[in-house]
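Trainee: this one's structure only:
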């Protein structure tokens, strides 16, 4: 400028180079229906803004800011066309719309173009968010992070302890203040026996009848069937056993504390539930028939996994815990979507506006679900989010 208008006396500042591929410009001009000159002008403005420090790739806010600057410059100069960011966004939406005609599944990274259908998504852990390796896959983690960024709250409803859930989410960097779960997030744990509400405050705790707990412990000791008793974020057992160890090493529950006697275990605190661990055949042919008859109306049996039998207080369910939490949060079932797989998820799926059972789930659960999704080893929870939550 100073060369052509000397009186301006502007210093010459080298910002860098803007390199434009003519071949790319020709192709994009044809795709967007304007002239090559218009496309080169659009690319030049985009490149200039980058040289001035704008970067649409660092955040959504930065993208919006740069998009507005592109529009302002084009309009000020009287040049035709939309800015490069807006053009790319339009092209992506058109591509997504075309895909949606053939497939309801939204693409990863595209949820910002859609309106959420639900305010909350209630998710089970084992067999749902967790694959058969009891891990949250990277695909599922990305889906949870993306849906959360759109203002949809993920609420965990599980048979696990609160601490186990937090430890699992820590492994994928989704625990803590800006994560999916934290010590202050609401949730339903231990099959609905522990419910945490706003700011992580305990709003309900249900305990197993001490006499039922005593009977279960004596049965475990006499028959050498491993048992784990849950007391909030602690687990107790009567003897060492590989299956007890697996609850900690595989399922990420607190490490079982071995108590010297049944009396010592009962004195350790209020127990919310007990779990027997055996082979799937042993649970189906021996444990479940025996305990279904032995406890009568003093407790209930629940199965989340084929090789585990849980004894819980009567009337216990994730569904009742979810109902309690919904009332506490002031939301209705119409505002939630739920994803699960086990028999213990049935009431929760029936309660939700949209209940999705993964294909690896029990036949009873799939029979009552609104929809059946892919399996947990096929990132079924993530697929359900991309397909049905928006």
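Mentor: Nice, I can see it. This is a predicted model, so every value here is computed, not measured.
Trainee: mind listing the strands for the stretch 201-350 of the chain?
Mentor: 202-205, 227-231, 234-237, 257-258, 273-277, 300-302, 308-312, 336-340 (DSSP state E, counting those that start in this stretch).
Trainee: kindly compare burial across those and name the winner.
Mentor: Among those, the stretch with the highest mean neighbour count (mean count of other CB atoms under 10 Å) is strand 336-340, at a mean of 29. Any C-beta I mention is one placed from the backbone N, CA and C, and that applies to glycine too.
Trainee: contacting residues for the nearest residue to residue 272 once chain neighbours are set aside?
Mentor: In space, residue 272 comes closest to residue 193 once its chain neighbours are excluded; the distance is 4.1 Å by CB to CB, 6 or more residues apart in numbering. Counting by CB atoms under 8 Å, 6 or more residues apart in numbering, residue 193 makes contact with 204, 205, 206, 207, 272, 273, 312, 313, 316, 321.
Trainee: now the strands of the stretch 201-350 of the chain in CSV, with distance to residue 51 and mean pLDDT?
Mentor: Below are the strands of the stretch 201-350 of the chain laid out as CSV (distance: least, CB to CB, whole Å; pLDDT from 0 to 100):
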stretch, distance to residue 51, mean pLDDT
strand 202-205, 55, 96
strand 227-231, 60, 96
strand 234-237, 59, 96
strand 257-258, 63, 96
strand 273-277, 62, 96
strand 300-302, 63, 90
strand 308-312, 61, 94
strand 336-340, 45, 98
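Trainee: let's have the ones you listed in CSV, adding distance to residue 70.
Mentor: CSV is the format used below for these (distance: least, CB to CB, whole Å):
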stretch, distance to residue 70
strand 202-205, 50
strand 227-231, 57
strand 234-237, 58
strand 257-258, 62
strand 273-277, 59
strand 300-302, 58
strand 308-312, 58
strand 336-340, 37
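Trainee: out of those strands, the one nearest residue 283 is which?
Mentor: strand 308-312 (5.0 Å; CB to CB).
Trainee: what about the helices in the stretch 201-350 of the chain?
Mentor: For the stretch 201-350 of the chain, the helices defined by DSSP state H, counting those that start in this stretch cover 210-223, 242-249, 262-267, 280-282, 288-294, 318-329, 346-351.
Trainee: out of those helices, which is closest to residue 78?
Mentor: Smallest distance to residue 78 across these (CB to CB): 53.0 Å, for helix 318-329.
Trainee: hang on, the earlier thing: and of the contacts of residue 193, the nearest to residue 67?
Mentor: residue 321 (44.4 Å).
Trainee: list the backbone torsions phi and psi for residue 156.
Mentor: Residue 156 has phi and psi values of phi -90, psi 130 when expressed as degrees, to the nearest 10.
Trainee: what about the residue positioned nearest the centre of the chain, distance to residue 337?
Mentor: When CA atoms, centre = their mean is applied to the chain, the residue found nearest the centroid is residue 144 (4.1 Å). Residue 144 sits at a distance of 13 Å from residue 337 (criterion: CB to CB, to the nearest Å).
Trainee: what do you get for residue 279?
Mentor: 35 Å.
Trainee: cool, and residue 29?
Mentor: Taking CB to CB, one finds residue 29 at 43 Å from residue 337.
Trainee: same check, this time on residue 58
Mentor: Applying CB to CB to residue 58 and residue 337 gives a distance of 31 Å.
Trainee: contacting residues for residue 254?
Mentor: 161, 163, 164, 233, 234, 235, 248.
Trainee: closest one to residue 153 among the helices of the stretch 201-350 of the chain?
Mentor: Here helix 318-329 is closest among the helices of the stretch 201-350 of the chain (CB to CB), at 8.9 Å.
Trainee: ok, now how distant is residue 386 from residue 140?
Mentor: 11 Å.
Trainee: pLDDT weak spots in the stretch 1-150 of the chain?
Mentor: 1-13, 89-104 (pLDDT under 70).
Trainee: thinking again about what came up before, closest to residue 298 among the contacts of residue 254?
Mentor: residue 235 (22.3 Å).
Trainee: which of the contacts of residue 254 are buried?
Mentor: Buried members of the contacts of residue 254, counted by 16 or more other CB atoms under 10 Å: 161, 163, 164, 234, 235.
Trainee: pull the most distant pair out of these.
Mentor: Spatial extent of the buried ones among the contacts of residue 254 (CB to CB) is set by the pair 164 and 234 at 11.4 Å.
Trainee: so residue 136 touches residue 129, yeah?
Mentor: Yes - using CB atoms under 8 Å, residue 136 is in contact with residue 129, at 5.7 Å.
Trainee: overlap in contacts, these two.
Mentor: By the contact definition CB under 8 Å, 6+ apart, residue 136 and residue 129 are jointly contacted by residue 144.
Trainee: quick one on the thing from earlier: any chance of TSV for the contacts of residue 193, columns distance to residue 156?
Mentor: Shown next, in TSV, are those (distance: CB to CB, whole Å):
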residue	distance to residue 156
204	15
205	17
206	18
207	21
272	16
273	17
312	18
313	21
316	17
321	11
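Trainee: lovely, talk soon.
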